[in-house]
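Student: Give me a model of this one.
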Amino acid sequence: MLTLYFSGTGNSKYLAERFSEIMGGDCYSIEEEVDFENLITTASTIAFSYPIYGSCVPQILREFVTKNKNYLNEKKLIIFCTQAMFSGDGARVFIELLEGINFEVIYAEHFNMPNNIGNIPVLPIKNREQIKKAFKKVDKKLYKTCENIKNEVIKKRGFNAFSKGLGFYSQRKYFLKSEERKKKDVKISPDCIACSKCVEVCPMKNLQVIDKKIEQKGKCTLCYRCVNICPNKAITVLIHSKVKKQYKGVDGKLFENVK
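Tutor: Next up is the predicted model:
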């Protein structure tokens, strides 16, 4: 069993690592510098864990799968999608990246996780106790999922026609129209002190310090790491209202190793 994940602010990482711990096998972030060709080629079953944005797979994971797609030929796949509320077909949409190869999806599931967007009034970031409670529910669902997989129960959340339609018409149709523009739409307020913490954590290397100012390169994957690490709450992506509260992950220590 090989588990691969992309995680913006820790939710999908938590899921991937817990799943790997229960089921065994190796677990890697797609951002790591390892021999993915060898890892994927030698594994018979591969699990993917990722957050869903507008019922779409994040750009960084789409690029990873495109690069390594041929190695996934004839593999058994497990697909886990993390979401704040609903995505419709967040797990199913992953297989659209695999056109032209043979594969078998043996399990697909959606996991509701704490929201990491701190500037949407209707979706406030939870406090520590609420986050802990949310992850207890995630653990319970994950244990059941692992039991199903061990017992060869096949489940494909989001793979029916209704879920596909819901994902497309409620989110993906509109998200895809704006995604290219949003990739270039990182906003830096005058409160920025150019500490470069956002530069350090950006998975796309989209940010840089030029003349003591943060500049972007137009390839944001909308993961919200920069928004949640900025000490002055001076950076926004996707939504540009004032950030009220930041998300620090399941244990509150998401960025403590970033200087």
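Student: okay, CA-based contacts and neighbour counts for the rest of this
Tutor: Noted.
Student: How about E17: what's its closest non-neighbour residue?
Tutor: Beyond its immediate neighbours in the sequence, the residue positioned closest to E17 (C-alpha to C-alpha, 6 or more residues apart in numbering) is C27, lying 6.5 Å away.
Student: chain center to stretch 18-29, what's the gap?
Tutor: Put simply, stretch 18-29 sits 16 Å off its chain's centre (C-alpha atoms, centre = their mean, to the nearest Å).
Student: helix/strand/coil for the residue nearest to E17?
Tutor: Here C27 takes the strand state, with states given by DSSP: H, G, I helix; E, B strand; the rest coil.
Student: dump the residue contacts of it.
Tutor: When the contact criterion is C-alpha atoms under 8 Å, 6 or more residues apart in numbering, the partners of C27 are 2-5, 16-17, 20.
Student: Scan these and report the most crowded one.
Tutor: Ranked by the number of neighbours (other C-alpha atoms under 10 Å), those place T3 first, at 27 neighbours.
Student: quick one: least confident helix or strand in the protein?
Tutor: Within the chain, judged by mean pLDDT, DSSP states H and E, the helix or strand with the poorest mean is helix 173-182; its value is a mean of 91.
Student: Please enumerate residues in contact with that helix?
Tutor: In this structure, residues lying in contact with helix 173-182 by C-alpha under 8 Å, 6+ apart are 54-56, 220, 222, 237-238.
Student: Do you have the helices of the stretch 151-259 of the chain handy? List them.
Tutor: 161-167, 173-182, 197-201, 225-229 (DSSP state H, counting those that start in this stretch).
Student: what ranges of the stretch 151-259 of the chain fall below the confidence cut-off?
Tutor: Counting by pLDDT under 70, the stretch 151-259 of the chain shows low-confidence ranges at 256-259.
Student: Check what pLDDT the residue most central in space within the chain gets.
Tutor: The residue lying closest to the centre of the chain (C-alpha atoms, centre = their mean) is P51, at 2.7 Å. Reported pLDDT at P51 in the predicted model: 97.
Student: Excluding chain neighbours, give the residue nearest to it in space.
Tutor: By the measure of C-alpha to C-alpha, 6+ apart, the closest residue to P51 outside its immediate chain neighbours is T82, 4.6 Å from it.
Student: Just say helix, strand or coil for the one you found.
Tutor: Using three-state DSSP, the secondary structure recorded for T82 is strand.
Student: picking that back up, state the distance from the residue nearest to the centre of the chain to E37.
Tutor: In this structure, P51 and E37 are 23 Å apart, going by C-alpha to C-alpha, to the nearest Å.
Student: Then H240?
Tutor: If you go by C-alpha to C-alpha, the gap between H240 and E37 works out to 39 Å.
Student: sorry, back to before: is there a neighbour count for the residue nearest to P51? I'd like the number.
Tutor: One way to gauge burial is a neighbour count; for T82, by other C-alpha under 10 Å, it gives 25.
Student: one step back: which one of the helices of the stretch 151-259 of the chain lies closest to V65?
Tutor: Distances from V65 to each of these were compared by C-alpha to C-alpha, and the smallest falls on helix 173-182, at 18.2 Å.
Student: any idea how far the closest one is from the chain center?
Tutor: Using C-alpha atoms, centre = their mean, the distance from the centre of helix 173-182 to the centre of the chain it belongs to is 17 Å.
Student: Name the residues of that helix that are buried.
Tutor: Neighbour-count burial for helix 173-182, with 16 or more other C-alpha atoms under 10 Å as criterion, is recorded at 175, 179, 182.
Student: do the same with stretch 64-77
Tutor: For stretch 64-77, the buried set under the neighbour-count rule, 16+ other C-alpha under 10 Å, comprises 65, 69-73, 75-77.
Student: L4: which element?
Tutor: Using DSSP states H and E, the element containing L4 is strand 2-5.
Student: elements contacting that strand?
Tutor: When contacts are defined as 3 or more C-alpha pairs under 8 Å, 6 or more residues apart in numbering; DSSP states H and E, strand 2-5 sits against helix 11-23, strand 26-29, strand 45-51.
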